[in-house]
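*Asks:* structure for the following, please:
(2 chains)
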Amino acid sequence: GAVVSQHPSWVICKSGTSVKIECRSLDFQATTMFWYRQFPKQSLMLMATSNEGSKATYEQGVEKDKFLINHASLTLSTLTVTSAHPEDSSFYICSAGGLAEVNTDTQYFGPGTRLTVL
Amino acid sequence: RKEVEQDPGPFNVPEGATVAFNCTYSNSASQSFFWYRQDCRKEPKLLMSVYSSGNEDGRFTAQLNRASQYISLLIRDSKLSDSATYLCVVNGEYGNKLVFGAGTILRVKS
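*Replies:* Coordinates of the predicted model:
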């Protein structure tokens, strides 16, 4: 149980375009989803926390107008990188947590989306 | 100062060796501690939680020293398949936000 999927697994796009990444909890309802970014040889950095039906909470230094997060249902959260630039190239990972039936500190990670902006 | 600090390694060890990783954290209010494993270009996977009394799961032993804000992971009888990056993770100041260390690279060689 507690499987999280992400789509797409990788994407290459031109500078200036927008990219949408989907994160789905497949066999459970996730009230909270987290979006992380990981640059090569660096740690995962939390970008934002999203709760179903409310606005996402962004970490300091993360532009909310550039990284649009929508968590419209208990099984789907989306991250849209608007007007992507080469410096946005990274590994984007979502996770679901805060499940009532498991330890609230446990997070289940999606397989990640590798974004390359040319 | 980083919230979670780890020696990046790499640790190069032969099969069968015992290897230990250490991690320090800065937030004394942290209550939950974990070791995750991350393979190259993959998502992190939970290896084990770390409890105050220390805990063991097969070949893996985790220890926590709250006074020194220090966490350790010991791997006995290393296997080739243990080669990965090991991430020290603590929960942040609020709720269930996790803070990740940059990871320690382990390479087990035959």
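*Asks:* C-alpha from now on. contacts and neighbour counts both.
*Replies:* OK.
*Asks:* centre of the chain versus the helix or strand containing residue B:5, how much separation?
*Replies:* Taking DSSP states H and E as the criterion, residue B:5 maps to strand B:4-6. Here strand B:4-6 is found 9 Å from its chain centre; the criterion is Cα atoms, centre = their mean, to the nearest Å.
*Asks:* show me what it is packed against.
*Replies:* Counting contacts by 3 or more Cα pairs under 8 Å, 6 or more residues apart in numbering or on different chains; DSSP states H and E, strand B:4-6 is packed against strand B:19-25, strand B:84-91.
*Asks:* report the rounded mean pLDDT for the longest one.
*Replies:* What that stands for is strand B:84-91. Strand B:84-91 shows a mean pLDDT of 94.
*Asks:* hey, what's the angle from it to strand B:19-25? Just curious.
*Replies:* Strand B:84-91 and strand B:19-25 are oriented at 30 degrees to each other (axes from the mean of the first three to the mean of the last three Cα atoms, to 10 degrees).
*Asks:* strand B:84-91 and chain A, are they touching?
*Replies:* Yes - applying Cα under 8 Å from any Cα of the partner chain, one finds strand B:84-91 in contact with chain A at residue B:91.
*Asks:* give me the contact list for that strand.
*Replies:* Strand B:84-91 is contacted from outside by A:105, B:4, B:6, B:23, B:25, B:30-40, B:71, B:97-107, using Cα atoms under 8 Å, 6 or more residues apart in numbering or on different chains.
*Asks:* what kind of secondary structure is residue A:87 in?
*Replies:* Of the three states, residue A:87 takes helix under DSSP: H, G, I helix; E, B strand; the rest coil.
*Asks:* so what's it closest to, chain neighbours aside?
*Replies:* Nearest residue to residue A:87, sequence neighbours excluded (Cα to Cα, 6 or more residues apart in numbering or on different chains): residue A:117, at 7.7 Å.
*Asks:* neighbours around that neighbour, how many?
*Replies:* 19 (other Cα atoms under 10 Å in any protein chain shown).
*Asks:* where in the chain is pLDDT low?
*Replies:* Since no chain was named, I'll use chain A. Along chain A, the model assigns pLDDT under 70 to residues A:1, A:98-105.
*Asks:* um, chain B though
*Replies:* For chain B, the stretches with pLDDT under 70 are B:93-96.
*Asks:* and the strands in chain B?
*Replies:* Per DSSP state E, chain B carries strands over the ranges B:4-6, B:11-14, B:19-25, B:33-38, B:44-50, B:55-57, B:60-65, B:70-75, B:84-91, B:98-100, B:104-109.
*Asks:* mind giving me the packing neighbours of the second one?
*Replies:* Judged by 3+ Cα pairs under 8 Å, 6+ apart, strand B:11-14 is in contact with strand B:104-109.
*Asks:* sounds good, over and out.
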